[in-house]
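Engineer: all I have is the shape, not the residue letters:
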Ligand code: ADP
Ligand code: MG
């Protein structure tokens, strides 16, 4: 079966996209799925947070977008994450300009991921609605939107929803919002509970059941080159992401084989 491809997108920075990408990847790997993370952010945080040194990359997602390397050539295994990484570094910032001149400029990633030998591909998008993000959206079956339950979060969402509608109408009929993921959640904060209720009222079952709590272990993990799920499996944040991986797999009709079965 061809890979299911998802963008982790939100044009705001610091909302938890990268944390969601690497931890969902590690969580899906733990329940026996073959996963590729594509880092589409020139900051390379998903690359570093997966234990792959962005400064040492000879080939990266940049080369794949410009078709000077294949996915198989450019990907690296995450040493401890249990998944593969198509890494990014500052070079990727240049791709934005170089791609504009090229044909099929928004479909480069889609081409590279066709027949990719994975169950899931997770694309960590940069904090913008740029040509890089557009490459992610054109390649994907769906979008996962991490968001903090703050007042302005709802405002920002309408731009993203409109972009997704336009891409759906003009470039990629497969694209849909899979769901909104509440992250960095603190139930003691009344405003967060209120925004959470508004989200459910407005988006219904597009709001994932799993809620990711604010948890310092998730924030500490990247400096060790590890997803939080691997860094401290017993932490509340790690457990929430494993729950989220199960929810995703179940929602997409690919439930876990057996809770206790280890991957082959
Ligand atoms: P983005 O990729 O959207 O810019 P990040 O995933 O890098 O966002 O998260 C922004 C910051 O918040 C990072 O320092 C990250 O470690 C921290 N962070 C993300 N999720 C959580 C969480 N659930 N609890 C605590 N800190 C978090
Ligand atoms: Mg990021």
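Structural biologist: Nice, I can see it. Please read all numbers here as calculations on a predicted model, not as lab measurements. Residues are numbered from 1 along each chain as shown. Ligands and ions are numbered 1, 2, ... in the order given.
Engineer: for ligand 2, what's the nearest residue on the stretch 51-200 of the chain?
Structural biologist: Residue of the stretch 51-200 of the chain nearest ligand 2, by C-beta to the ion: residue 124 (6.1 Å). All C-beta atoms are positioned from the backbone trio N, CA, C, and that covers glycine.
Engineer: is it correct that that residue is in contact with residue 36?
Structural biologist: No: between residue 124 and residue 36 there is no contact under C-beta atoms under 8 Å: 11.2 Å.
Engineer: neighbour count: these two, which is higher?
Structural biologist: Set residue 124 next to residue 36 and count neighbours by other C-beta atoms under 10 Å: residue 124 wins out with 29 against 22.
Engineer: how close does residue 142 sit to ligand 1?
Structural biologist: As judged by C-beta to the nearest ligand atom, to the nearest Å, residue 142 and ligand 1 stand 18 Å apart.
Engineer: any idea how many residues pack against that residue?
Structural biologist: 19.
Engineer: go on, residue 19?
Structural biologist: Counted by other C-beta under 10 Å, the residues lying close to residue 19 total 28.
Engineer: go on, residue 201?
Structural biologist: Considering only other C-beta under 10 Å, residue 201 is surrounded by 9 other residues.
Engineer: in the helix or strand that residue 72 is a member of, which residues are buried?
Structural biologist: Taking DSSP states H and E as the definition, residue 72 sits inside helix 71-74. By neighbour count on 16 or more other C-beta atoms under 10 Å, the buried set for helix 71-74 is 71, 74.
Engineer: what of stretch 41-54?
Structural biologist: Applying 16+ other C-beta under 10 Å to stretch 41-54 flags 41-52, 54 as buried.
Engineer: in this structure, which helix is the longest?
Structural biologist: With secondary structure taken from DSSP state H, the chain has its longest helix at helix 151-170.
Engineer: neighbouring contacts of that helix?
Structural biologist: Here helix 151-170 makes contact (C-beta atoms under 8 Å, 6 or more residues apart in numbering) with 9-12, 15, 129, 134, 137-138, 143, 145, 147, 175-177, 180, 191, 195, 198-199.
Engineer: let's go with 7 Å and repeat that
Structural biologist: With contacts defined as C-beta atoms under 7 Å, 6 or more residues apart in numbering, helix 151-170 is touched by 9-12, 129, 137-138, 143, 145, 147, 175, 177, 191, 195, 198.
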